[in-house]
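Chemist: what follows is a predicted structure for the sequence shown.
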Amino acid sequence: MERPNPARWLAYAYGARLPQRYREWVLHDVTAPTWLLRHVARTLAQAAPLVFLLFLVFDPLLGFPPAIVLPALGMGLLVSLYYSASFAPESADYRAAKHGYPEGHATQVRAARRRERGSR
């Protein structure tokens, strides 16, 4: 299984389709026991530049106090993580389908692994 380099991973985090040679890694990414943590990492990678830009706009540029800016940005980040986690299974299925797997395949693989672990 070939893993993408950091630049390709970042593009993948933003929704780009990876080349065919990463197809197996994508399935692993959306079905591994840590799939939800991986989803959160992709969400943070997407949100971090925007949070940083907003901090620069509100704190140094407009002069808002950090005691207001930082909690507000933190709450915004928490809300984005909440909504992202709410749709994580659908997002994982979409990523797998984008790389050639049938719709719902990632959810089926995770469910089969849970059943397998439960039967031991």
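Modeler: Yep, it's here. Numbering: from 1, shown residues only.

Chemist: so the residue of the chain positioned farthest from its centre, which of the three states?
Modeler: Centroid-distance maximum for the chain: G63 at 32.2 Å, with CA atoms, centre = their mean. For G63, the assignment made with DSSP: H, G, I helix; E, B strand; the rest coil gives coil.

Chemist: tell me how many other residues crowd L53.
Modeler: Residues lying near L53 (other CB atoms under 10 Å) number 10. Any C-beta I mention is one placed from the backbone N, CA and C, and that applies to glycine too.

Chemist: whoops, I mixed them up, S84
Modeler: So S84, with other CB under 10 Å, has 17 neighbours.

Chemist: so it touches T43, yeah?
Modeler: Yes. Counting by CB atoms under 8 Å, T43 is a contact partner of S84 at 4.2 Å.

Chemist: distance of the nearest residue to Y12 once chain neighbours are set aside from K98?
Modeler: Residue nearest to Y12 in three dimensions, not counting chain neighbours: L18, with 5.4 Å by CB to CB, 6 or more residues apart in numbering. As judged by CB to CB, to the nearest Å, L18 and K98 stand 9 Å apart.

Chemist: what's the helix or strand of the chain with the lowest mean pLDDT packed up against?
Modeler: Every helix and strand of the chain was ranked by mean pLDDT, DSSP states H and E. The lowest is helix 105-118, at a mean of 93. If you count contacts as 3 or more CB pairs under 8 Å, 6 or more residues apart in numbering; DSSP states H and E, helix 105-118 packs onto helix 23-31, helix 88-98.

Chemist: so V26 sits against Y94, correct?
Modeler: No. Taking CB under 8 Å as the definition, V26 is not a contact partner of Y94, at 11.1 Å.

Chemist: these two - which one has more neighbours?
Modeler: A direct count of neighbours by other CB under 10 Å for V26 and Y94 places V26 higher, at 22 against 15.
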